[in-house]
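> Sequence and predicted structure are below.
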Amino acid sequence: MTVQAVPIPVHIEPELILNQRSWTLEEYEAMISAGVLGDQDRVELLFGKIVDMSPIGVSHAYHVQEMNKFMVLNFDGRFVGRQGQPVAFPLHSMPEPDYVLAKRHKHRYRDRRPGPEDIELIVEVSDSTLGRDRGSKMKLYAAYGIKEYWILNLIDRQLELYTEPTETEGYANRLSIPRDETFVSPLLGEFRAADVMPRAKYVGGGVSRSA
């Protein structure tokens, strides 16, 4: 698959196309370098459109935190884990996935962002963002050949495993795994969905882990 041939899907969210000009990846990077966009700007570049990112809820933040702990404990020697950091997709996109496992390099991405050729796994933690994560983001990741994509679906309390990316139709294979079941990740092997999706409950405005 050549990056130059990656199409922009026709059926993407209206907010990505309505009354907005398109930006290239290089233009977006230039805005960041110039300080036009900063850490306080909760936006990402998807298919050439600068779109708002949803505020991070307590449960969302907790699950990203716990997944990071699991990944570091089990796979730190094999991959570089990145939590909530941008990745660069040539031409028109710089999404900020909740979690990425990237190939290990000596430079550890000191001077550049991971691109499609570096990324082994992308994970999105989804509640209010479920539509986008199953829609435009899923199509983006598949079009650039990301072999494995997870959605931690906090609404339905399940892990969604997407494999076999296509250039135009998203992923050809999807599995929905309840949190109390075991599944096999093509990249990471067999483990319980609950290992990366612990049960959580609200206690006094915060979140605690329960068995």
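Done, it's in.

> in this protein, which ranges drop under the pLDDT threshold?
Residue ranges of the chain with pLDDT under 70: 1-20, 200-211.

> What are the boundaries of the helices in it?
25-33, 58-75, 130-134, 136-143, 193-196 (DSSP state H).

> so what's Arg78 up against?
Applying CB atoms under 8 Å, 6 or more residues apart in numbering to Arg78 gives the contacts Arg104. C-beta here means a position set from N, CA and C on the backbone, and glycine is covered the same way.

> how close does it get to Leu187?
9 Å (CB to CB, to the nearest Å).

> what do you get for Gly38?
Going from Gly38 to Leu187 by CB to CB gives 34 Å.

> Give me the more crowded residue out of these two.
Counted by other CB atoms under 10 Å, Gly38 and Leu187 do not tie: Leu187 has more neighbours, with 15 against 8.

> Please report phi then psi for that one.
As for Leu187, its main-chain torsions (degrees, to the nearest 10) stand at phi -90, psi -40.

> Kindly provide the distance from it to Leu101.
Leu187 sits at a distance of 7 Å from Leu101 (criterion: CB to CB).

> Arg157 too?
Separation of Arg157 from Leu101 (CB to CB) stands at 23 Å.

> thinking again about what came up before, overlap in contacts of Leu187 and Leu101?
Residues touching both Leu187 and Leu101 (CB under 8 Å, 6+ apart): 120-121.

> Who does Val51 form a beta bridge with?
Taking DSSP bridges as the rule, Val51 bridges to Glu44.

> so it touches Arg42, yeah?
No. Counting by CB atoms under 8 Å, Val51 stays clear of Arg42, with 10.0 Å between them.

> The two: who's more crowded?
Comparing Val51 with Arg42 by other CB under 10 Å, the one with more neighbours is Val51, at 17 against 12.

> what does stretch 125-136 rub up against?
Contacts with stretch 125-136, where a contact means CB under 8 Å, 6+ apart, come from 9, 12-13, 16, 46-47, 54, 57, 59-60, 63-64, 67, 98-99, 124, 151-155, 160.

> end to end, how far does stretch 76-94 reach?
This stretch, stretch 76-94, spans 24 Å end to end (CA to CA, to the nearest Å).

> ok, now stretch 73-87?
End-to-end span of stretch 73-87 (CA to CA): 23 Å.

> Figure out how far it is from the centre of its chain.
12 Å (CA atoms, centre = their mean, to the nearest Å).

> Can you list the buried residues in that stretch?
Going by neighbour count (16 or more other CB atoms under 10 Å), the buried part of stretch 73-87 is 75, 79-82, 86-87.

> With stretch 58-65 instead?
60, 62-64.

> Would you format those residues as TSV with distance to Gly170 included?
Shown next, in TSV, are those (distance: CB to CB, whole Å):
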residue	distance to Gly170
His60	23
Tyr62	28
His63	23
Val64	23
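
> which of the residues you listed lies closest to Arg179?
His63 (10.8 Å; CB to CB).

> wait, the closest one sits on Ile151?
No. Contact criterion CB under 8 Å: His63 and Ile151 do not qualify, at 11.4 Å.

> which residues of the protein fall in strands?
Taking DSSP state E as the criterion, the chain carries its strands at 43-46, 49-52, 79-83, 99-103, 119-126, 148-153, 158-165, 171-178, 182-185, 189-192, 200-203, 206-209.
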